[in-house]
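J.: Here is my input; please provide its structure:
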Amino acid sequence: MNAYDKDLGAGGDLAVVRYGDGEMTVLKPGRYVLCAVSGRKVLLDELKYWNPVLQEAYAGPAEALARWKQLNP
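T.: Residues are numbered from 1 along each chain as shown. Below you'll find the predicted structure:
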C-alpha cells in the first residue's frame, strides 16, 4: 500500500489537525480525519468542510449543514 492508495482500511493513519479560518495545520501527520457528524473517514486532500470554533471536520456540505442546524435550532 502506498501513500496515494485510496484504501483507508487498517493501513490508514488518523491525522491530528488544527482547523483555522480557511486553512488547517496538520499537527500529527496522517491520511485522514473523522467526520464529527457521520464518523466517516475523510482523506486530508479531500477535506473541504470544517468548523474552526468547534475544531470539527465534516465529510461534506450535508454534514456541515446538519451540525449547523443542531447548533442553531
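J.: just for this structure, where's the confidence low?
T.: 1-12 (pLDDT under 70).
J.: Start from the N-terminal end of it and give the helices.
T.: Taking DSSP state H, the helices of the chain run over residues 61-71.
J.: would you list every one of the strands in it?
T.: Applying DSSP state E to the chain gives strands spanning 16-19, 24-28, 32-34, 41-43, 49-51, 56-58.
J.: Just name the most buried of those.
T.: Mean neighbours per residue, mean count of other C-beta atoms under 10 Å, is largest over the strands of the chain for strand 56-58, with a mean of 22. For the C-beta atoms, the positions are set from N, CA and C on the backbone; glycine is no exception.
J.: still on that earlier bit, could I get the strands of the chain as CSV with distance to Trp68?
T.: Below are the strands of the chain laid out as CSV (distance: least, C-beta to C-beta, whole Å):
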stretch, distance to Trp68
strand 16-19, 15
strand 24-28, 19
strand 32-34, 18
strand 41-43, 17
strand 49-51, 8
strand 56-58, 10
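J.: out of those, nearest to Asn72?
T.: Comparing the strands of the chain against Asn72 with C-beta to C-beta, the closest turns out to be strand 49-51 (12.2 Å).
J.: Could you give the separation of the closest one from the chain centroid?
T.: Relative to its chain's centre, strand 49-51 lies at 8 Å (C-alpha atoms, centre = their mean, to the nearest Å).
J.: likewise stretch 49-66?
T.: With C-alpha atoms, centre = their mean, you get 8 Å for stretch 49-66.
J.: end-to-end on it?
T.: 12 Å (C-alpha to C-alpha, to the nearest Å).
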